[in-house]
Structures are given as C-alpha cells and as structure tokens.
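Q: have a look at this prediction, sequence included:
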Number of protein chains: 2
Amino acid sequence: MKKEEITVLGAGLIGSLISIFLKKQGLDVHVYDKRPDMRKSQYYEGGRSINMALSHRGWKSLEQVGLIDQVKPLAIPMYGRRIHDEHGGTSFMPYGLEGQAIYSISRGKFNQLLMEEAERLGATIHFEHKCEEVDFRDQSITFSSPEGTTKKIAPVIIGADGAYSSLRMSMQKQVRFNYKQEYISHGYKELTIPATPEGEFAMDPNALHIWPRGKFMLIALPNPDKSFTCTLFLPFEGTKVCFEKINDEDDLETIFQAYFYDAYELMPDLKTEFFKNPTSALINIECYPWVQGHSLLLGDASHAMVPFYGQGMNCGFEDCYILNQLIDKYGHNSWDLVFEKFQKKRKPDTDAICRLAMENFIEMRDSVADPKFVIRKKIESKLHELYPKEWIPLYSMVTFSDMGYAEAYAQGKLQEAIMDQVMADPLITENWDRLDYEDIINKMETSKAV
Amino acid sequence: MKKEEITVLGAGLIGSLISIFLKKQGLDVHVYDKRPDMRKSQYYEGGRSINMALSHRGWKSLEQVGLIDQVKPLAIPMYGRRIHDEHGGTSFMPYGLEGQAIYSISRGKFNQLLMEEAERLGATIHFEHKCEEVDFRDQSITFSSPEGTTKKIAPVIIGADGAYSSLRMSMQKQVRFNYKQEYISHGYKELTIPATPEGEFAMDPNALHIWPRGKFMLIALPNPDKSFTCTLFLPFEGTKVCFEKINDEDDLETIFQAYFYDAYELMPDLKTEFFKNPTSALINIECYPWVQGHSLLLGDASHAMVPFYGQGMNCGFEDCYILNQLIDKYGHNSWDLVFEKFQKKRKPDTDAICRLAMENFIEMRDSVADPKFVIRKKIESKLHELYPKEWIPLYSMVTFSDMGYAEAYAQGKLQEAIMDQVMADPLITENWDRLDYEDIINKMETSKAV
C-alpha cells in the first residue's frame, strides 16, 4: 500500500517536532513554511520570541525522539525565581525540589536543530510557501510562493502554523467552529542585559529573574552567550506606568530608575533597544473542533496562550507526544479516529493550561512580591518535601510532572482552598514552620474524598 | 467642502436602514452587497431567515426616518405567546399590557422596502460586489464582482455585512482585536403551516405559537398570506430527539406525532420540506473594538445573537438610530469621534442582549411549559399593572421600552431575585392573587437603594 503523504503547515518548533515523530513512524512528510529558511538568510524573528523555558513535558517529548543530548548544550537550568525588589535587593524562590529546574533556551537555534533533525530523517521542508486557503471539500491547499500560486491535494494536514494559523482561518469559515481570540491589556518588549566587559553573566545565570511591580514587571532569562534576554511587560495604556506614556528617553529613564534600578545599571543599550524594538501584544486563543476532515490543528494554532506559565512550547511538544501515541495505537490508516481521539483527550487539558497561564500573570507581577505569598510558597514546599506524593504544589504538577493539565488545575484549586485556611491564621508569619503538616495533608485527603 | 463618500457594506436590513439615515443626513452613500438584486432575480434566501419580530426599538428607528406607515401593512401584531401542550391544548400568555405587541414580518419584502427607500433618497446600491479584503493602511476595499476584481478607496466604511462580515474578517487580522464566535448545540429548520383550503389562518394569527418540549421546541409566526412560518429547534446530535436521528419519513412522523401532534395535522408538506430545507446553525458573536481607522462594524457584524429574544434586527435598527444621533451631535467631519463614542456607548448594551438572547432559549423551550412559571409571569404582570413605572418585567423592558439593554439586564436580575423569594412560598399556587403587592415593590425599592 502506498504511503500516505502528511502535510505539515509550519516549520516552527511544533511543526518540526511533529515532523520528526511522523518520520520516525515511517511516514512521508512535507512541511510548508511561509518564512524563508532561517539558515540561509539573515532573517531572524526579532521581537516575537520571549525566551523559552523548557520543562518536563518538553524534555519528555524530546527524549521520545532521542534528542536530549543534542538539546542539553543549548539550555541553561534555572532552579528558581530570583525576585528583585525596588531597592536592588534580591531573594530566591526555588521552583521545586533540589535539582528541579526549568531551562532557558532561545527559539532560533533550537528551531534550527529540530528542522535539521526532521530533514535528516527525510522530511522535505518547503520554505516561502504561504498557505492561503485550505478547501476541505477536496482537502486541497492553495500556496503562494515566490514562484506564484500553486494548489496541492493534501490527504492529511497538520496545522502547526501558530497563533495566526492559516489552517484555522479556513476552519473558522466552516459552520459550527467555535473560536475565541482575546488580547490582554499588556504588551511586551524585548531588551538585553549583555555579558559584562569581562565576558561573564551580569547576574546569577541559574535563575529566572523577576522585577514584580504590581501591575507590571520585568523578567530576564539567561543565554549561552552570557547575556540575558529581558522582557518588559506593561499595560499598553491607561495606567501610571504604561507603553503609551513612554515617549522619549527621559520618560524611559525616569521609569527604569524608579522601578528597575539594578537592571537599569546593567542595560547600556536600553534607550536604543527600547525605541527600536517593537511592542508586541499577547493573545489567548481557544477553539473547537480542532479537526475538519483529515486536517488537525496542533500547538499554538489550536490553543495559543499567554507566556506566564512557561508552558506554550512544552504543551505543544506534549501535543506531539500524545498524537504520536495515538498513531502508535491506531495505525497509519485511521486518521479520522486518531484526530478525533486526540482532540477529545487534549482539549480539557489545553483549556486548563490557557487559564492557568492567564492566572499566573497576576502571581508573577504581583504576588511574588508579597511576604505572605512567600511564606505560603515555603509551607507548600515543606509539605511537598514531607509528603512528596500527597502534596505537589500546582507549579510542580504543571512544570515537573506530566499529569494532565486539567487534573493539575482541579487538584491545584483544592490545595488552594486548604492553603487559604492555613494562611487565615493571624499568627502565620511567626508560626509557619511549626505547623501540624500532617493535619494539613489529612484535610486535603478528606476534601478529595468528598 | 466636498461631501465625503460613505461606503456601506451589506444591503440587508441594517445596511439599508443606515443608508437611509445617512442619506437623510445629506451624505453621499454607496452600498455594496455580494448578493444579486433580489428584485431582479428569482433569488430568495430560503432557510436562513427565521421570521422577524419587530418591536419597539425597531419601530422607533423606523419612525425616525418616516417609514411607519409603509411598514405597518407588512406586519402582523402578536399580543402574546400561545403555548401548545403535548395533547393539543393551548394557553395564552400576553407579552405585555393590553395593546402591546411584537410584529411578525418576513425578511424579504421588508428588506426590499428599505432598499427602495434608500435608493429613492439617492443611495447607490452595487449588487454582486463581494468585499474580499479591507486594507486599513489606506482604507481601500478589494471587491470581486462578475466584472472582475476592483479596488476602491473608501474614506469611511460602515460594515453592516452580517454575522459573516468581511469587514470583521479583515479587522480580525489586526493586532488587539478581541473576537468570539460560538455555536450553540441546537440547529433549526424552517417549515410551513399553509393557509386552510378556505384561505384562512389555520391558527390564531395574533400570537407567537410555541410548542415547548424541554430540550427542543417548535415555534410559528403568522404571515400576511395567512400561512405560518414554523421553525423547529433541535439539538444537532446526542439527545433522544435530535436532527442526527431523523433520517427518514418514519423517524420524522414518529417525532411529530409524539410531540407536535396539533401542528403536524396542519403541515401537509412537512415531509417534503423537512428533507429539502437546510438545517442551519445558530451563532453568537461578540468582538471589540468595532472601529479600525474610519471603519465601523454595525448590527450582526459586531454582535450576532441567537434569535430567542427576538432582538437581533431591533438591536441593529437601534444601532442605526444611535449612530444617527451621534452624527447629529458631532457633525460630518468627526468620524473618529462619532465611531469611538458609538462603540463605547453601545458595547455594554449589545453584550447584555447577546446574553439575554442565550438565556431566553431556556425560558422558551422549557420554562413556559411550567405551571409555576406561568404564575410567576402572572404576578409580574399584575405588579406591572398596579405599578407601571416601578415594576416593568424584563421582557417588557427589552421589548417595549428603549431603556439600555445593560440597564434592563441589571434591573431584571434584581427583580428575578425578589421573584425567587416570592415564589419560595409553598402556598404560592393558591395565594398568588392575594399577595401584598405593595410589599414586593417596597422590597425592590430597598434593594435598588443598596
């Protein structure tokens, strides 16, 4: 029997990884991307990539295709958050147990590595091919490319073409396609803390740095060249500190000196970068169904999320992992079944992580600066240390396990209610390390049973 | 100063009415519609128009442009709901006070009347012009027509091009456009109860007929030719009675005999119509902003709602009325200001009516068949009779007043809470007409003051 050709739209991180999985399945894979080949051109997608934080679900998927050893050198472990207060003081909050980390990795090189692996396994990547339209009646795709417009019959299509997916645009015109795109009130801008003149990291490289300032924040992630990529999140307009009100170098300086003094000292190119780099918006996308005929949406194309839980890429990689499992189970001739099972299984989980990502923004920019929140985190860490299976902090369930996101969400809400009770004790600031931890665990087991 | 040309997309009910308003403002108006001229062709948009129910907000807008007398002959007053039970028995629930009615009107003739008035006043309607794309950088529109593709600069654009608006599609690609489209689990199909062999109405013509059956329902609205247009609302799939399970004439007969016996007797063409007419889906659309440059979304293009409050057209007409007021106030050279004021003022109201329309589906298909609900309605009618200003039932605020929908919604929720208390009396079925009505009014005044 002739092997059916699989068309993957998008040669980004998710499109490249799914192509690797599909090639390892022995399938015929053609990938189309609207961008030119980043390896051949000077093209670099500046402005749109917050540095990625690779964590368990991502590593698990890379392990499945045997890429751990190749990716490791690109990634820098961050064992916790380093919180910078307004006076330049810092404190450290570990993400999980000793040794648990999330890994800073920059999009460009990582993407290149995945594309090269896909090609090595036999996938063909067609660059500068923009998908203009998918016609589901005959599963045809219209591409525009420098050579003109072409039409291609594609028996199986996987749309890994990101938040602004062309496949999804075509699906949206179909009846009974539910769709929501929502921009948050904040935008972001990328800035840099370069290596020191001595060629060293200017701050602790093994942490994700945060300057939480209530309604806004700055973060910084380390790069292998010993610089940090910083991302400034501000409301677009309408507040005291917002993008709309930073119109010249004086405005900028005033704000950085007032709120980010220690970072400001490390940013010699701030003024140039700020006014040169774009201000980008942050979108959340949810839709359903993800399947139309033999076409499936994957990754950001079906569930773009805001970046505040560091799960966008990891979730997309886990999509690939789960889709691959279903292909293992149902074979290469049951795409209807595979796609249907995939969307049914995966949708509640991606809804949960989209929601968590939205909620975590408040934690990052605001709560982490609150002393009571710090104590709360410490109690939860302690519980996790003492009862590693019974109490797993929500962040750890999401980041260091592969429990379904929806289950993690539900369990997290339960723990939150119990922690609210614990924190209601007016003496908690003094007593937190003398609590009856067993009693807390029992409370949780009881409420679980209900 | 040269008059600026206004481009209206869509020659439907809303596009035609806004063109009339704009012509009366003395503006230069060009209307583009993708469909052929319904007056010249045999074209009729079967299947997609539930008969309209014209009510106060619609009439108010028509009055403003002097069209009451021309529209009246096309409209049949319906003074209440006539509820049909499973045994063929009926009961009548008035919509409001004596003389208050909503008016059944069919889309085709009404649309024609409005188009003719727009043309009479000097608007030019270009048929078979499909808007393919709006480019906001230079306010240009690309149209495709039987003569080919043309591009036109349009300094001011009003998109009254319905739930599947092309203008909105172009806006959706802009950054920071929030958008949601949501299909409900039910679809609908149009059917007919023709006039009797004697040429008379087969049922009471001055009512909206409802066969509420819990998870599904049938409704019927009178036409001037003495037929009724019926609409069957069923879940698409997954329930005992749903479209998916009606596959042949036997299935159809079984269901109609079991649930809609008295209607079935009056529907000689049921079997032919059911399998010939399309099953259509029902969409709710919310988006924001409605303005991009000098382009504005109006009517269904910005807030398509499900049809269960009979407000889709009335709300769109009120959009025109309010936009016209703002043009009166700010003049013809301040489109930025007019459009900005319009969307700010109108968005909370259209959000409220979209929500009410969704909620009213449950009332129509389910609650109206509940004896306690009937008593509740009677108490509310009585309150309204005794205290016409202090207590206006939600339905009346929406249908027979021009109070903002958002205010009506809030006031409605307040009254609902009080009625819940009243209905909690276990003897309410016996006592409902001996209640202390003044006490109820006092309760409401108190909770309002809070």
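A: Looks like it came in fine.
Q: pick out the residue nearest the middle of chain A.
A: For chain A, the residue sitting closest to the mean C-alpha position, by CA atoms, centre = their mean, is A:G312 at 2.4 Å.
Q: hang on, that residue packs against A:E318?
A: No - counting by CB atoms under 8 Å, A:G312 does not reach A:E318; the two are 11.1 Å apart. (Glycine included, C-beta is placed from N, CA and C.)
Q: is A:F201 part of a helix or strand, or is it coil?
A: coil (DSSP: H, G, I helix; E, B strand; the rest coil).
Q: residues in contact with it?
A: A:195, A:222, A:226, A:228 (CB atoms under 8 Å, 6 or more residues apart in numbering or on different chains).
Q: what about A:V71, neighbour count?
A: 19 (other CB atoms under 10 Å in any protein chain shown).
Q: correction: A:T7
A: 25.
Q: elements contacting the helix or strand where A:R57 lies?
A: A:R57 is part of helix A:56-64 when elements are defined by DSSP states H and E. For helix A:56-64, the elements it packs on are helix A:13-24, helix A:68-71, helix A:312-330, judged by 3 or more CB pairs under 8 Å, 6 or more residues apart in numbering or on different chains; DSSP states H and E.
Q: quick one: contacts for A:Y330?
A: A:337-338, A:341.
Q: adding neighbour count and secondary structure, write these out as TSV.
A: Below are those laid out as TSV (neighbours: other CB atoms under 10 Å in any protein chain shown; DSSP: H, G, I helix; E, B strand; the rest coil):
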residue	neighbour count	secondary structure
A:L337	13	helix
A:V338	24	helix
A:K341	17	helix
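Q: flag the shaky bits of chain A, pLDDT-wise.
A: For chain A, residues meeting the criterion pLDDT under 70 lie at A:1-3, A:41-50, A:450.
Q: could you break it into its assigned domains?
A: A:5-75+A:104-181+A:284-361, A:183-281, A:370-449 (automatic domain parsing).
Q: buried deepest among those, which one?
A: Sort the domains of chain A by mean neighbour count, taking mean count of other CB atoms under 10 Å in any protein chain shown, and domain A:5-75+A:104-181+A:284-361 sits at the top with a mean of 20.
Q: out of the domains of chain A, nearest to B:D204?
A: Nearest to B:D204, of all those, is domain A:5-75+A:104-181+A:284-361, at 35.0 Å by CB to CB.
Q: distance between the ends of that closest one?
A: 41 Å (CA to CA, to the nearest Å).
Q: now do the strands in the stretch 251-400 of chain A.
A: A:280-288, A:291-292, A:295-297 (DSSP state E, counting those that start in this stretch).
Q: ok, and what's touching the longest one?
A: Around strand A:280-288, the neighbours that count as contacts under CB under 8 Å, 6+ apart are A:47-48, A:163, A:168, A:171-172, A:177-184, A:186-189, A:236, A:297, A:300, A:302-307, A:343, A:347, A:350-351, A:354, A:357-358, B:175-176.
Q: what do you get for the second one?
A: Strand A:291-292 is touched from outside by A:136, A:170-171, A:174, A:177, A:297, A:339-340, A:342-343, with contacts defined as CB under 8 Å, 6+ apart.
Q: try 6 Å
A: With contacts defined as CB atoms under 6 Å, 6 or more residues apart in numbering or on different chains, strand A:291-292 is touched by A:136, A:171, A:174, A:339, A:343.
Q: returning to what we had before: so which of the strands of the stretch 251-400 of chain A is nearest B:G199?
A: Across those, closest to B:G199 is strand A:291-292 (CB to CB), at 48.2 Å.
Q: would you mind listing what in chain A touches chain B?
A: A:175-176, A:178-183, A:281 (CB under 6 Å from any CB of the partner chain).
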